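# curious how this folds, go ahead:
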Amino acid sequence: MAILKPTLNAATRRTWIDGEHIPAEGGCVVALNHVSHVDPLLAALFTYDHGRIPRYLAKAGLFRNKFLGGFLKSAGQIPVERLSANAVGAFDAAVQGVRDGKCVIVYVEGTITRDPDLWPMVGKSGAARIALETGCPVIPVAHWGVQEILAPYGRKPRLLPRKHVVFKAGPPVRLDDLADADRSVETFSRATARIVDDITGLLEDIRGEKAPPVRFDPRKSGVKLIGNPHKDTKKGRRR
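Residues are numbered from 1 along each chain as shown. Sure thing, here's the model as predicted:
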């Protein structure tokens with residue numbers, strides 16, 4: 001943080017809202033929306049400014065990103081190789097981290113949102129699985145403005161003029177009624193939907209507008225889930 005905070009001070013004006021919802025101690029999951037490859041930096045600072053050292057459950061590709069890789073590796077974060085057996089190991093590491101009293105950050109969508117207007121899309125079950133396995137609280141956090149620094153899948157950050165970034169946390173997502181439910185796909189889907197609902201509500205407050213009534217689902221829209229959706233993988237070029 002000694003290097004990160006001065007850098008972000010130079011590049012951003014920040015508004016932190018209701019960060020006291022993040023527990024001062026004990027294992028927890030902080031679940032966020034994802035709009036830019038640099039929002040993990042601001043999320044780390046938001047969490048740190050409210051008394052916790054974050055541990056990330058993040059896609060392995062971020063560890064190869066020139067802006068984030070060194071930071072994530074040096075901070076002992078948890079890489080996830082999606083759609084591989086290694087994802088199970090990452091889940092186990094996250095569960096152990098929570099049981100050890102760590103604050104684990106999870107991007108509930110699993111990747112940068114594919115929604116055209118950057119609303120949260122259909123979520124992945126990682127945060128819900130960790131919470132139901134450990135009984136820890138899930139703190140929803142929404143943010144907006146980071147995409148002005150680096151657009152989704154952008155390559156060149158726009159540092160000037162300074163961008164205004166807003167983060168807002170909410171109370172723990174209500175999952176207690178699912179604690180004794182079968183660990184089924186349906187249970188995880190219900191828990192995940194609640195987490196995304198709470199994040200979306202916070203983002204509506206920040207943006208001052210309502211999200212679409214139907215959450216964007218890339219699988220139903222023919223949008224690929226891994227990698228830059230605007231890039232032609234055969235030619236290695238943007239569409």
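
# average pLDDT for the lengthiest helix in the chain?
The helix that spans the most residues within the chain, counting by DSSP state H, is helix 185-207. The pLDDT scores in helix 185-207 average 98.

# off-centre distance for whichever helix or strand comes after it?
Sequence order places helix 218-221 as the next helix or strand after helix 185-207, per DSSP states H and E. Relative to the chain's own centre, helix 218-221 is displaced by 20 Å; criterion: C-alpha atoms, centre = their mean, to the nearest Å.

# still on that earlier bit, what's in contact with the longest helix of the chain?
With C-beta atoms under 8 Å, 6 or more residues apart in numbering as the test, helix 185-207 has contacts from 17, 31-33, 108-109, 119-120, 122-125, 127-129, 131-132, 138, 140-144, 166, 168-170, 173-175, 178, 181, 210-211, 215. The way it works is simple: take the backbone N, C-alpha and C, and place the C-beta from them, glycine included.

# so of these, which ones are in strands?
17, 31-32, 138, 140-144, 166, 168-169 (DSSP state E).

# can you put the residues you listed in CSV and add pLDDT and neighbour count?
Formatted as CSV, those follow (pLDDT from 0 to 100; neighbours: other C-beta atoms under 10 Å):
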residue, pLDDT, neighbour count
Ile17, 99, 18
Ala31, 98, 29
Leu32, 98, 27
Val138, 99, 25
Pro140, 99, 28
Val141, 99, 25
Ala142, 99, 25
His143, 99, 28
Trp144, 99, 22
Val166, 99, 20
Lys168, 99, 22
Ala169, 99, 22
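
# in this structure, which residue is closest to the centre?
For the chain, Tyr107 is the residue whose C-alpha lies nearest the centre (C-alpha atoms, centre = their mean; 2.4 Å).

# in stretch 90-97, what counts as buried?
90-91, 93-95, 97 (16 or more other C-beta atoms under 10 Å).

# quick one: least confident helix or strand in this protein?
None of the helices or strands of the chain scores lower by mean pLDDT, DSSP states H and E than strand 237-238, at a mean of 46.

# what comes up buried for the longest helix of the chain?
Those would be 187-188, 191-192, 194-200, 202-203, 205-207, for helix 185-207 by 16+ other C-beta under 10 Å.

# what bridges to the residue nearest to Arg52 when sequence neighbours are not counted?
Leaving out its chain neighbours, the residue that sits closest to Arg52 by C-beta to C-beta, 6 or more residues apart in numbering is Cys103, at 4.1 Å. Beta bridges link Cys103 to Cys28, Pro54, judged by DSSP bridges.

# who touches Cys103 in this structure?
Neighbours of Cys103 in contact, by C-beta under 8 Å, 6+ apart: 22-23, 27-30, 47, 52-55.

# cool, Asp18 as well?
168-170.

# do that again at 6 Å, thanks
Taking C-beta atoms under 6 Å, 6 or more residues apart in numbering, we find Asp18 in contact with 168-169.

# any idea how far it is from Leu150?
25 Å (C-beta to C-beta, to the nearest Å).
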